[in-house]
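K.L.:
3D model of this:
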Amino acid sequence: MDLHESWVKRVVAVCGEDMAGFDPGSQSVMRFHPEPWRRWNMADPDLSQLLDTFKDGIHRRDLRNLARDLGTARARRVAFIATLLWGAGETNRYYGRHAEALKSADLERILDVSVKQVHGDDLEGAWSTAAAIPGLDFRFFTKWLWLAGVSADLPAPPLVYDRLVRNALERAHWPFDRRRINERRRWVNYCRDAAAVARTLVAQPGAPKVTGEWVEYWLFSGAPGAERL
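P.N.:
Numbers count the residues shown, from 1 in each chain. Below you'll find the model as predicted:
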């Protein structure tokens, strides 16, 4: 048994019963400050429309609804901007970086290609493509890759990999393989391990119908119980 298989078994055994309490649909609405977004992106009608539509904030289910149709360049761009609003929240310190991303002449191609790569189960390729978005690092672009995979039927869908998730993985003694692999491969391993935890739980009699997103939200919430792993 390798380190990842061992970690999956420990999480299921120690924290599995609690996982049903981390339905990602219960995550709070993410609010944002509209005026700085408008100041930094004054000529962006897609952003303006989103700010008017989601005045009270964006919920994860709003992003899931947007993810149902990514068939046009505008639909992908609107979904991408909504993901930025959701991911940045009220503590955003990166308005300038986000404005740079939205003004990029290559953004349309990047969004198109990354969606196709996710749906083709090429997560490493999608990471490499999304990493070319100017001004953003993986804490933000993995949120886009998560959205891109919402409607795809994948064995291990892409998941958010931000600071809170990484910190919780540390707390949960997850095998980072720091000297052997890069961050891209590490993210793919995390997505696979989260999916494996969910599959193992679902296979148990009377178990909750969870997915890798439940594991992500458990991690985002600080991985309660991880100190026992």
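K.L.:
Might you report the residue contacts of residue 173?
P.N.:
Contacts here follow CB atoms under 8 Å, 6 or more residues apart in numbering; on that basis residue 173 touches 7, 226, 229. C-beta: built from backbone N, CA, C; applies to glycine.
K.L.:
okay, it: pLDDT?
P.N.:
Note on residue 173: pLDDT of 96.
K.L.:
How about residue 207?
P.N.:
Looking at residue 207, its pLDDT is 76.
K.L.:
can I assume it is in contact with residue 201?
P.N.:
Yes: here residue 207 lies in contact with residue 201, judged by CB atoms under 8 Å, at a distance of 5.0 Å.
K.L.:
I'd like to know how far the spatially most central residue of the chain sits from residue 193.
P.N.:
By CA atoms, centre = their mean, the mean C-alpha position of the chain lies nearest to residue 160, the distance being 2.4 Å. Separation of residue 160 from residue 193 (CB to CB, to the nearest Å): 14 Å.
K.L.:
swap in residue 2?
P.N.:
Counting by CB to CB, the gap from residue 2 to residue 193 is 11 Å.
K.L.:
Of those two, which one has the most company?
P.N.:
The neighbour comparison of residue 2 against residue 193 (other CB atoms under 10 Å) goes to residue 193, with 22 against 7.
K.L.:
SS state for the residue of the chain positioned farthest from its centre?
P.N.:
Here the chain reaches farthest from its C-alpha mean at residue 205, the gap being 29.1 Å by CA atoms, centre = their mean. Under DSSP: H, G, I helix; E, B strand; the rest coil, residue 205 falls in the coil class.
K.L.:
residues in contact with it?
P.N.:
Residue 205 neighbours (CB under 8 Å, 6+ apart): none.
K.L.:
any residues touching the lengthiest helix in the chain, and which ones?
P.N.:
Longest helix in the chain by number of residues, with DSSP state H as the criterion: helix 183-202. Helix 183-202 is touched from outside by 4-5, 7-9, 11-12, 16, 19, 123-124, 127-128, 131, 138, 142, 155-159, 161, 165, 169, 174-177, 181, 207-212, 214-216, with contacts defined as CB under 8 Å, 6+ apart.
K.L.:
can you check stretch 159-170 too?
P.N.:
With CB under 8 Å, 6+ apart as the test, stretch 159-170 has contacts from 87, 138-140, 142-143, 146, 176, 187, 190-191, 194, 212-213, 215-216, 218-223, 226.
K.L.:
one step back: which other helices and strands contact the helix or strand just after the longest helix of the chain?
P.N.:
For helix 183-202, the following helix or strand on the C-terminal side (DSSP states H and E) is helix 212-220. Applying 3 or more CB pairs under 8 Å, 6 or more residues apart in numbering; DSSP states H and E, we find helix 212-220 packed against helix 163-171, helix 183-202.
K.L.:
and among these, the most buried is which?
P.N.:
Greatest average neighbour count among the helices and strands packed on helix 212-220 goes to helix 183-202 (a mean of 20), per mean count of other CB atoms under 10 Å.
K.L.:
and the angle for that helix with helix 212-220?
P.N.:
Using axes from the mean of the first three to the mean of the last three CA atoms, to 10 degrees, the inter-axis angle of helix 183-202 relative to helix 212-220 is 110 degrees.
K.L.:
Let's see helix 183-202 as CSV, backbone CA atoms only.
P.N.:
Only the C-alpha atoms of helix 183-202 are listed here, as CSV (Å, rounded to 0.1, in the frame of the first residue of the first chain):
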residue,chain,number,x,y,z
GLU,A,183,2.7,21.6,-7.5
ARG,A,184,0.7,20.6,-10.6
ARG,A,185,1.1,16.9,-10.0
ARG,A,186,0.5,17.4,-6.3
TRP,A,187,-2.9,19.0,-7.1
VAL,A,188,-3.8,16.0,-9.3
ASN,A,189,-2.9,13.6,-6.5
TYR,A,190,-5.1,15.6,-4.1
CYS,A,191,-8.1,15.5,-6.5
ARG,A,192,-7.6,11.7,-6.9
ASP,A,193,-7.3,11.1,-3.1
ALA,A,194,-10.4,13.2,-2.4
ALA,A,195,-12.3,11.2,-5.0
ALA,A,196,-11.0,7.9,-3.5
VAL,A,197,-12.2,8.9,0.0
ALA,A,198,-15.6,9.7,-1.4
ARG,A,199,-15.8,6.4,-3.4
THR,A,200,-14.8,4.4,-0.4
LEU,A,201,-17.4,6.1,1.8
VAL,A,202,-20.2,5.7,-0.7
